[in-house]
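Novice: This is the structure alone, sequence omitted:
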C-alpha cells in the first residue's frame, strides 16, 4: 500500500474516480430523460414517432460504446468542430457524457417498454373505458405501475453505465482506468495492490448498489 | 400487454387530425435534424467523393475492414467458448452444498461482474507483464478479460436457468437413486442449457461489442484496423466510423434475430422449462462494455 501513501498518487486515484462519478451522473440523467421520451415515442399512436424510437434503439444498442465515444471525439469534435468547452478536460467530459447518454438511453427505453408490457392489458382497457386520453392512460395508469417493475433493470443499467464510463478514457480523460494504467506504469513493483484498490473501489460501491436496487424492487413490486 | 395498440383507442376523426399534425411536425423536425447534419458535413467537406471512394475499392476491404472484422470475430468466438466453460464451472460452484466451494465461487463471480472490463484488460495487459516479466499477448489479454467478465455474467444466467428447472425433476432423479453429480450433469444442466440457449446467443452480441475495447489496448480489431488505420491513410475518420458502425449493426442484428428465433423455437417445442416471472431471461442485446444488464 506504499503507492497510496504518496499524496500525488492518491490525487490521481481520487481524480479518476471523481470523473467516473461525474460521468455517471451526467450520463445517467441524460439517458433517463432521453430513454423515457424514446419509450413514450415507441408506444405512441403516431407511426413516425414509433419509427424514430425503433431506429434509435436498433442503431445505438448494436454499436459498441467504444465506437460511439470515438465518434463523439473524432467525428463531432475534431472533424465537425463541435466544441463544448474551452477546457480540454471539460470538453472531453461532455463529449463522453453525450456518448454515454445516447448509448444508455436505448437500453433505458427498452427497459421501460418491457416494464409497460408487465402491466396487464385490463389496466389500459379500463383506463380507456372511462374515457382517458392516451396521455392520461400513460401518465396516470400505466407508467406508475411500469415504473415499479423497471426499478431492478434500471439499477442494472445504472451499474453498467458507471462501469462503462471508464471507456471515456479512450479520448484522453484521466478517469479511473487511465489513472490505474499510469500508476501501474510508474510503480511496476506494486501492480497487484494498485489493481485491487481500483477494482475494489468499484466492487465496494457497485455490489451493494446492486443489492439495494434488488431490495427496493422487491419492496415496491406491484403485488398481483 | 402484447400489443401496444391497447394503450389507445382506434383514432376517430379528431385523433386522426391530431396524429397527422404530429406526424407532419415531427417529420419536419427529423428532416430538419437530418438536413442540419447534412449541411454540417457539407460545410466541413465531408461529402467529398475522395473520402468515400476508398470504400468502393476492394483493397480497402481486404487490407483493413475484413481483417479487422476477423480479429473481432476471432476474439469474440474464443472468448465465448472459454466463458461458457467458466460460466458452467462457477454456476455449479455457486450451487454447491459445500460452503467452501460456494463462497469463493460467489466472490469470484460478484467481483468480476462489478469490475469494469476496461480496468480488467488494462491490468492484464499492462500489469501482468510486470509480475510474470514476460510480454503479454494482446490477443490473450483481450480474450482473458472478456472471458472473466462474460463468464461471470453467464454463470449467473446458468444459475437462474438451473433454478428454473421444476423441482420435481431433481426430486425424481434423487428418488431413482442418482447422486448429486449425476443429478446436476444429467438432469439439471441439460435442461437449463436449453432454456438458456437464447441468452447465450445474445451474450455473443455483448462479446462482439466488447471486443471493441481491444481497440484501446490496440488489438487489431474492426475499430483499430477499419477506422483508425484506414482513416490514417485516407483522412476519412467520420466515413470509416460510419461504415464500421453499419457492419457492427448488421452483425449484431443478425445475432439478435437468431437469439429471438431460438427463443421462440425452444418455447414452441416445450422441451425447455418455462422461465417465468423475475427469472425471465431477456434475449435483448445487453449493454456490455463491462456492464451487463442481467
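Specialist: That came through fine. Owing to the predicted nature of the structure, the values given are computational and were not obtained by experimental measurement. Numbers count the residues shown, from 1 in each chain, chains lettered A, B, ... in the order given.
Novice: Please point out which parts of the host helix or strand of residue A:107 sit buried.
Specialist: Under the criterion of DSSP states H and E, residue A:107 resides in helix A:88-118. Using 16 or more other C-beta atoms under 10 Å in any protein chain shown as the test for burial, helix A:88-118 gives A:91-118. Just so you know, the C-beta spots here come from the backbone N, C-alpha and C atoms, and that holds for glycine as well.
Novice: Now do the same contact list for residue 38.
Specialist: Looking at chain A here, since you left the chain open. For residue A:38, the contact set (C-beta atoms under 8 Å, 6 or more residues apart in numbering or on different chains) comprises A:53, A:56, A:57, A:105, A:106, A:108, A:109.
Novice: Just give me the longest helix of chain A.
Specialist: Counting residues, the longest helix found in chain A (DSSP state H) is helix A:7-42.
Novice: Which strands or helices does the helix or strand following that helix pack on?
Specialist: From helix A:7-42 onward toward the C-terminus, using DSSP H and E, the following helix or strand is helix A:47-61. Secondary-structure packing of helix A:47-61 (3 or more C-beta pairs under 8 Å, 6 or more residues apart in numbering or on different chains; DSSP states H and E): helix A:7-42, helix A:88-118, helix B:13-43, helix B:237-269.
Novice: one step back: and chain B, is the helix holding residue A:107 touching that?
Specialist: Yes. In terms of C-beta under 8 Å from any C-beta of the partner chain, part of helix A:88-118 sits within range of chain B, namely A:103, A:104, A:107, A:110, A:111, A:114, A:116, A:117.
Novice: Any stretches of chain A with poor pLDDT?
Specialist: Applying pLDDT under 70 to chain A flags the ranges A:1.
Novice: Can you name the residue of it nearest chain B?
Specialist: Of all residues in chain A, the one sitting closest to chain B is residue A:160 (2.5 Å; C-beta to the nearest C-beta).
Novice: isn't residue A:52 right next to residue A:41, touching?
Specialist: Yes. Using C-beta atoms under 8 Å, residue A:52 makes contact with residue A:41 at a distance of 6.0 Å.
Novice: Quick check: pLDDT value at residue B:92.
Specialist: In the prediction, the pLDDT value recorded for residue B:92 is 91.
Novice: got a list of what it touches?
Specialist: Residue B:92 makes contact with B:184, B:189, according to C-beta under 8 Å, 6+ apart.
Novice: Can you classify it by secondary structure?
Specialist: helix (DSSP: H, G, I helix; E, B strand; the rest coil).
Novice: For it, give its distance to chain A.
Specialist: Residue B:92 sits 22 Å away from chain A when distances are taken as C-beta to the nearest C-beta, to the nearest Å.
Novice: what residues are up against the nearest residue to residue A:207 once chain neighbours are set aside?
Specialist: Nearest residue to residue A:207 in three dimensions, chain neighbours excluded: residue B:114, at 5.1 Å (C-beta to C-beta, 6 or more residues apart in numbering or on different chains). Listed by C-beta under 8 Å, 6+ apart, the contact set of residue B:114 reads A:159, A:163, A:199, A:202, A:203, A:206, A:207, A:210.
Novice: Count the neighbours of residue 39 for me.
Specialist: In the absence of a named chain, chain A is used. Using other C-beta atoms under 10 Å in any protein chain shown, residue A:39 has 26 other residues around it.
Novice: could you do chain B instead?
Specialist: Burial of residue B:39 is recorded as 10 neighbouring residues (other C-beta under 10 Å).
Novice: how about it, what does it touch?
Specialist: By C-beta under 8 Å, 6+ apart, residue B:39 has no neighbours at all.
Novice: Okay, it and chain A: tell me how far apart.
Specialist: With distances taken as C-beta to the nearest C-beta, residue B:39 is found 11 Å from chain A.
Novice: what's the pLDDT at that residue?
Specialist: Predicted confidence (pLDDT) for residue B:39: 87.
Novice: buried stuff in stretch A:190-199?
Specialist: Going by neighbour count (16+ other C-beta under 10 Å), the buried part of stretch A:190-199 is A:190, A:191, A:193, A:194, A:195, A:197, A:198, A:199.
Novice: before we move on, back to that, if you count contacts, what does the helix holding residue A:107 end up packed against?
Specialist: Contact analysis of helix A:88-118 by 3+ C-beta pairs under 8 Å, 6+ apart lists helix A:7-42, helix A:47-61, helix A:65-70, helix A:143-149, helix A:151-164 as its packing neighbours.
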